[in-house]
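> what follows is a predicted protein model with its sequence.
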2 protein chains.
Amino acid sequence: MLKPERQSLILHQLNIHNRVLSSDLSQQLKVSEDTIRRDLNELADLGKLVKVHGGALSKSYGHTTVRSEIYAPDEKEIIARKAMGLLHDGMYVLMGGGTTVSALVRLFPENLRLTVFTISPNIAIELIGHPNIEVFLIGGRVTAETQICLGGEVIHRLSEIRVDLLLMGTTGIDTAAGITETDIEVVQIKKAMMKAADKVAVLSISEKLGTSHRMKLCEIGELDTLITELPSDDPAIQPYARLGATIL
Amino acid sequence: MLKPERQSLILHQLNIHNRVLSSDLSQQLKVSEDTIRRDLNELADLGKLVKVHGGALSKSYGHTTVRSEIYAPDEKEIIARKAMGLLHDGMYVLMGGGTTVSALVRLFPENLRLTVFTISPNIAIELIGHPNIEVFLIGGRVTAETQICLGGEVIHRLSEIRVDLLLMGTTGIDTAAGITETDIEVVQIKKAMMKAADKVAVLSISEKLGTSHRMKLCEIGELDTLITELPSDDPAIQPYARLGATIL
DNA sequence: GCAGTTTTTTCAGGTTTTTGCAAGATTTTT
DNA sequence: AAAAATCTTGCAAAAACCTGAAAAAACTGC
């Protein structure tokens, strides 16, 4: 294992987990902790991570979104891992915003070949530099609350594209209320996204099961796949399976 | 085994494995490690691989896409500070990409009220959460090299907007050659941006003064303002003032 | 084919980089 | 406050590197 390889592996780990431990890396990469510490310090000097006692934290573009700021990172990683199974070389994929979708993007191996459309600047930036993924960002008005591109122009652009798969998070999901959102504009955008995609997959932590909000996006049956961190035979998600969504 | 044979074999190995060790290649090709090292250095000079201690890595991923390590941050902050003087409440501003423009955005005080259009996902994200700035991201294909949105759709959208001021960085700037870029697509986008703006301001560290590249964007005289980190009476920028640009 | 030239390779040496270890300092946890 | 974990520093060994000179190979014009 060459030093630059080791260092870029460390950065990759950071991208996925947002944190690394010197002791873990030492075992995993079969080098002494001193070496890991030296690597971490070098990478910290280059500004690629933040060194802390015991390991390092990722710093993504200026404002450090560390793991602790992401809600339920472990669950989201499980979800992301399951969602990877839906992706195959050559696919055209449309991606929404949110930290769950971000977690998925971070798992993309470098040999995965995709064409990705997204309304999230964050997702676009995460994918920049990936050697085999072409990224199209659909532009619009960007707001702090949603962190995605909104507006009529986005809907118009979405009407012009056709993709194999839509991957998006959700705000509320309930057997009776269906998929719901708080923001009417988000509903409009998501409806347009669903129209553009042959298959629709929703990523959601189980905590959101049974919650609902004011703005209705669609019924559960309109989804093709629902992915949570729960095992697919968990009683909590059986009702959703009966409504027609494939559970992963 | 002839030298070109050996070298193309090395490149072949790299394509497959993404890495090679000098020691391995030495054994495999039955030549001394010195010869291998010389080969690797030659290929590295040609830009076909990245030489590292112990061997070489393929150029494809991770190692080349350095997470925007900001070059000359101090100079860029001086430039950004000067550029702030061009901005006033209520303005419509169009912003290009690049670290110099990012430095400017970070200086925006909370009470600054602007409407910002940008082709850079990074700029859009920097501005997310600013209480008094409305951000419109103009979408398109995003590439690793430029980190901005490219494509015909961007140019079309730019043709539909009209802003008070364009703020952008540059690649090459020279009294004779004017403003130049390495990428023809970037030139097209920047020309469209210039058309959309009443006034054009270019931010450039003084290091770029006197440099030129293959693709011409415009003459110095077509700029309204040129901002470098040098004092406005520095002899190095006087020639640009004579060509019609206001120097800050 | 052959003497002369150029290119390529190897080898020897001294230098630099990388890594692991140990000792003592520092931080975190109990 | 003591104990445990982690960090820093200095050092030494191993590996990799570079330089220049000499040997080997390939090429040149005659």
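Cool, got the structure.

> quick one: residues contacting the residue most central in space within chain A.
Nearest to the geometric centre of chain A sits residue A:101, at 1.8 Å (CA atoms, centre = their mean). Residue A:101 is in contact with A:95, A:120, A:123, A:167-169, A:203, counting by CB atoms under 8 Å, 6 or more residues apart in numbering or on different chains. C-betas here are computed from N, CA, C, even on glycine.

> again, only using 6 Å
With contact set as CB atoms under 6 Å, 6 or more residues apart in numbering or on different chains, residue A:101 has these partners: A:95, A:169.

> from DNA strand D, how far out is it?
Distance, residue A:101 to DNA strand D, using CB to the nearest atom of the strand, to the nearest Å: 32 Å.

> buried set for the host helix or strand of that residue?
Taking DSSP states H and E as the criterion, residue A:101 maps to helix A:99-106. Under the neighbour-count criterion of 16 or more other CB atoms under 10 Å in any protein chain shown, helix A:99-106 has A:99-106 buried.

> and what of stretch A:23-37?
A:25-26, A:29, A:31, A:35-37.

> quick one: that stretch near chain B?
No. Against chain B, stretch A:23-37 shows no contacts by CB under 6 Å from any CB of the partner chain, the least distance being 13.3 Å.

> dump that stretch to PDB, keeping only the CA atoms.
Provided in PDB are the C-alpha atoms of stretch A:23-37 (Å, rounded to 0.1, in the frame of the first residue of the first chain):
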ATOM      1  CA  SER A  23      -6.900   3.000  16.000                       C
ATOM      2  CA  ASP A  24      -9.400   1.700  13.400                       C
ATOM      3  CA  LEU A  25      -7.400   2.900  10.500                       C
ATOM      4  CA  SER A  26      -4.300   1.400  11.900                       C
ATOM      5  CA  GLN A  27      -5.800  -2.000  12.100                       C
ATOM      6  CA  GLN A  28      -7.600  -1.700   8.800                       C
ATOM      7  CA  LEU A  29      -4.600  -0.500   6.800                       C
ATOM      8  CA  LYS A  30      -2.100  -2.600   8.700                       C
ATOM      9  CA  VAL A  31       0.300   0.200   9.600                       C
ATOM     10  CA  SER A  32       1.200   1.700  13.000                       C
ATOM     11  CA  GLU A  33      -0.900   4.400  14.600                       C
ATOM     12  CA  ASP A  34       2.000   6.700  14.300                       C
ATOM     13  CA  THR A  35       1.800   6.400  10.500                       C
ATOM     14  CA  ILE A  36      -1.900   7.100  10.500                       C
ATOM     15  CA  ARG A  37      -1.400  10.100  12.700                       C
END
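
> returning to that earlier point: looking at the buried residues of stretch A:23-37, which are in helices?
A:25-26, A:29, A:35-37 (DSSP state H).

> farthest pair within these?
Farthest-apart pair in those is A:29 and A:37; separation 12.4 Å (CB to CB).

> distance from the chain centre to the helix holding residue A:101, please.
Relative to the chain's own centre, helix A:99-106 is displaced by 2 Å; criterion: CA atoms, centre = their mean, to the nearest Å.

> ok, stretch A:26-45 next?
On CA atoms, centre = their mean, the centre of stretch A:26-45 falls 28 Å from the chain's centre.

> is DNA strand C within reach of it?
Yes. Stretch A:26-45 comes into contact with DNA strand C (CB under 7 Å from any atom of the strand), by way of A:31-32, A:34-35, A:38-39.

> need those in JSON lines (columns: pLDDT and distance to residue A:218).
Listed next are those as JSON lines, based on pLDDT from 0 to 100; distance: CB to CB, whole Å:
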{"residue": "A:31", "pLDDT": "95", "distance to residue A:218": "51"}
{"residue": "A:32", "pLDDT": "94", "distance to residue A:218": "54"}
{"residue": "A:34", "pLDDT": "95", "distance to residue A:218": "55"}
{"residue": "A:35", "pLDDT": "96", "distance to residue A:218": "52"}
{"residue": "A:38", "pLDDT": "96", "distance to residue A:218": "52"}
{"residue": "A:39", "pLDDT": "96", "distance to residue A:218": "47"}
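
> farthest pair in those residues?
A:32 and A:39 (10.9 Å).

> now, which of the ones in helices among the buried residues of stretch A:23-37 sits nearest DNA strand C?
For these, the closest approach to DNA strand C (CB to the nearest atom of the strand) belongs to residue A:35, at 3.4 Å.

> okay, buried residues for the helix ranked longest in chain A please.
Determined from DSSP H, the single longest helix within chain A is helix A:3-17. For helix A:3-17, a neighbour-count test (16+ other CB under 10 Å) marks A:4-11, A:13-15, A:17 as buried.
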